[in-house]
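J.: below is the sequence, then the predicted model.
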Amino acid sequence: MPTVQPVVLFFILGVLAGVLRSDLKIPEALYKSMSLFLLIAIGLKGGVSMAKYEIMEVLPIALSMVVLAALVPLCAYPILKHIGKFNQADSGAIAAHYGSVSAVTFAVGIAFLEGVGQTSEGYMVLIMALMEIPALVTGTILARRGAGGETAWGKLMHEILTGTSIFLMVGGVIIGYYAGIVKLVSPLDKMFMDLFMGVLAFFLLEMGLLASARLAAIRKKGAFLLVFGIAFPLAAGLLGCFLGSAFGLSLGGTTMLGVLYASCSYIAAPAAMRIAVPDADPAVSIGASLGVTFPFNIFIGVPIYYEMAKFFVGAPA
């Protein structure tokens with residue numbers, strides 16, 4: 001199995017700093033700036049690659065993936081409700097987190113593919129942005145089904161569609177697509193392409209610090225979240241890889257679809273759930289997604305999804 005990419009070791013460095021109570025801190029302004037950079041860079045990369053495809057070639061698979069993405073929270077909810085014994089609000093909120101996607105896990109997947117000499121279809125970034133919507137809406141419906149009060153759907157959809165992640169990624173895709181069409185990518189290379197891995201390393205360092213702070217929530221809720229946070233992404237990743245092969249994606253594209261289905265949100269979903277499901281405990285959702293699933297995916301999960309993709313698509317020539 002391919003070796004761990006050095007960039008993800010910065011995550012361990014951050015966790016160790018948190019556990020050992022180091023005074024290491026990433027300034028909040030720098031953290032936010034790195035988040036913006038990564039979202040734009042991911043969008044630009046995808047848009048430039050997407051310029052190689054015809055729109056009608058991309059649209060059917062993108063729309064299909066958006067519809068099928070709703071399956072993930074629908075599968076997660078009964079497990080959380082009946083086996084995990086979470087209340088309705090927490091079950092729906094956690095399901096929304098696991099149906100949603102992580103741009104940083106996606107970035108680690110891209111880095112992994114580069115390390116093994118593979119690439120993915122450029123429109124995977126567009127699929128990633130679109131997959132946020134059905135998961136958050138479905139999770140909200142599950143969390144509030146039969147509950148008193150009304151959901152502010154207009155406010156929720158505004159939060160989802162204009163939230164930083166989707167807004168910047170979709171904007172980046174559009175700008176990158178235009179740059180690819182008119183062949184003016186080179187002015188953006190030095191900033192957004194060459195610096196990508198270095199900024200990702202800094203960002204993962206901060207993610208490690210944040211994850212170490214969520215360990216208490218995991219200990220408090222017991223072994224279930226630990227098992228769920230690993231087993232469920234593996235099952236979802238298997239579904240993603242199967243769908244990737246069924247839609248005729250490349251080995252890299254199938255891997256990335258597996259990564260998307262297996263990833264979970266700790267940025268967009270918490271913001272949306274705060275509006276839609278105020279009764280849910282955010283410490284549980286973020287603790288599971290950031291404290292268990294995120295580190296599992298970037299160290300062990302991504303290589304496993306690559307092996308799953310090879311099983312469905314075939315080993316590279």
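T.: Great, that's in hand.
J.: got the residue ranges for the helices in the stretch 51-200 of the chain?
T.: Applying DSSP state H, counting those that start in this stretch to the stretch 51-200 of the chain gives helices spanning 55-68, 71-78, 88-99, 103-115, 124-144, 153-162, 164-181, 186-188, 196-213.
J.: quick one, phi psi at the most centrally placed residue in the chain?
T.: Computing the C-alpha centroid of the chain and ranking residues by C-alpha atoms, centre = their mean puts Ser102 first, at 1.5 Å. Phi and psi for Ser102, reported as degrees, to the nearest 10, are phi -120, psi 120.
J.: and it, what pLDDT?
T.: Ser102 is assigned 88 on the pLDDT scale.
J.: measure the closest residue to it other than its chain neighbours to Phe294 for me?
T.: Closest residue to Ser102 apart from its sequence neighbours, by C-beta to C-beta, 6 or more residues apart in numbering: Ser263 at 4.0 Å. Backbone N, C-alpha and C define where each C-beta goes, glycine included. The gap separating Ser263 from Phe294 is 8 Å, by C-beta to C-beta, to the nearest Å.
J.: for those two, list the residues in contact with both.
T.: Counting by C-beta atoms under 8 Å, 6 or more residues apart in numbering, the shared contacts of Ser263 and Phe294 are Ser102, Thr105.
J.: pLDDT weak spots in the protein?
T.: 1-4, 146-152, 217, 220-221, 317 (pLDDT under 70).
J.: can you do 50?
T.: Along the chain, the model assigns pLDDT under 50 to residues 1.
J.: end to end, how far does stretch 279-294 reach?
T.: 24 Å (C-alpha to C-alpha, to the nearest Å).
J.: contacts only, for Ser285.
T.: Asp90, Ala93, Ile94, Ala96, His97, Ala269, Pro270, Met273.
J.: list just the nearest of those residues to Gly18.
T.: Distances from Gly18 to the contacts of Ser285, taken as C-beta to C-beta, are shortest for Pro270 (19.2 Å).
J.: spit out the contact partners of that closest one.
T.: His97, Pro282, Ser285, Ile286.
J.: which of the residues you listed fall in helices?
T.: Within those, residues falling in helices by DSSP state H are His97, Pro282, Ser285, Ile286.
J.: what's the neighbour count on the nearest residue to Asp279 once chain neighbours are set aside?
T.: Leaving aside its chain neighbours, Asp279 sits nearest to Ala89 (4.2 Å; criterion: C-beta to C-beta, 6+ apart). Neighbour count for Ala89, taken as other C-beta atoms under 10 Å: 19.
J.: please name the residues that touch Ala89.
T.: Contacts of Ala89 by C-beta under 8 Å, 6+ apart are Ala143, Arg144, Ala147, Val277, Asp279, Ala280.
J.: Val108 and Pro6 touch, don't they?
T.: No. Assessed by C-beta atoms under 8 Å, Val108 is found out of contact with Pro6, at 11.7 Å.
J.: between those two, who's got more neighbours?
T.: Neighbour totals were compared for Val108 and Pro6, and Val108 leads with 25 against 11 (other C-beta under 10 Å).
J.: and Ser100, how far from Ala17?
T.: 27 Å.
J.: also Ser289?
T.: Per C-beta to C-beta, Ser289 is found 21 Å from Ala17.
J.: the two: which is more packed in?
T.: Taking neighbours as other C-beta under 10 Å, Ser289 and Ala17 compare with Ser289 leading, 28 against 17.
J.: phi, psi for the more buried one please.
T.: phi -70, psi -50.
J.: which residues touch it?
T.: The neighbours of Ser289, taking C-beta under 8 Å, 6+ apart as the test, are His97, Tyr98, Ser102, Gly229, Cys264, Ser265, Tyr266, Ala269.
J.: hmm, Met193 is touching Lys45, no?
T.: Yes. Contact criterion C-beta under 8 Å: Met193 and Lys45 qualify, at 7.1 Å.
J.: in terms of neighbours, single out the busier of these two.
T.: Lys45 (23 against 15).
J.: secondary structure element for the more buried one?
T.: Taking DSSP states H and E as the criterion, Lys45 maps to helix 28-50.
J.: and that helix, what other elements does it pack with?
T.: Contacts defined by 3 or more C-beta pairs under 8 Å, 6 or more residues apart in numbering; DSSP states H and E place helix 28-50 against helix 103-115, helix 124-144, helix 164-181, helix 196-213.
J.: quick one: distance of it to the chain centre.
T.: Taking C-alpha atoms, centre = their mean, to the nearest Å, the mean C-alpha location of helix 28-50 is offset from the chain mean by 14 Å.
J.: buried sites along it?
T.: 31, 34-35, 37-50 (16 or more other C-beta atoms under 10 Å).
J.: mind saving the C-alpha coords of that helix as PDB?
T.: Provided in PDB are the C-alpha atoms of helix 28-50 (Å, rounded to 0.1, in the frame of the first residue of the first chain):
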ATOM      1  CA  GLU A  28      -7.200  32.800  13.800                       C
ATOM      2  CA  ALA A  29      -6.700  35.300  10.900                       C
ATOM      3  CA  LEU A  30      -4.000  33.000   9.300                       C
ATOM      4  CA  TYR A  31      -6.300  30.000   9.800                       C
ATOM      5  CA  LYS A  32      -9.200  31.700   8.000                       C
ATOM      6  CA  SER A  33      -6.900  32.900   5.300                       C
ATOM      7  CA  MET A  34      -5.600  29.400   4.700                       C
ATOM      8  CA  SER A  35      -9.200  28.100   4.600                       C
ATOM      9  CA  LEU A  36     -10.000  30.700   1.900                       C
ATOM     10  CA  PHE A  37      -6.900  29.900  -0.100                       C
ATOM     11  CA  LEU A  38      -7.500  26.100  -0.100                       C
ATOM     12  CA  LEU A  39     -11.200  26.500  -1.100                       C
ATOM     13  CA  ILE A  40     -10.300  28.800  -4.000                       C
ATOM     14  CA  ALA A  41      -7.300  26.700  -5.100                       C
ATOM     15  CA  ILE A  42      -9.400  23.500  -5.100                       C
ATOM     16  CA  GLY A  43     -12.000  25.200  -7.200                       C
ATOM     17  CA  LEU A  44      -9.500  26.600  -9.600                       C
ATOM     18  CA  LYS A  45      -7.700  23.300 -10.100                       C
ATOM     19  CA  GLY A  46     -11.000  21.600 -10.800                       C
ATOM     20  CA  GLY A  47     -12.200  24.300 -13.100                       C
ATOM     21  CA  VAL A  48      -9.000  24.200 -15.200                       C
ATOM     22  CA  SER A  49      -9.300  20.400 -15.500                       C
ATOM     23  CA  MET A  50     -13.100  20.700 -16.200                       C
END
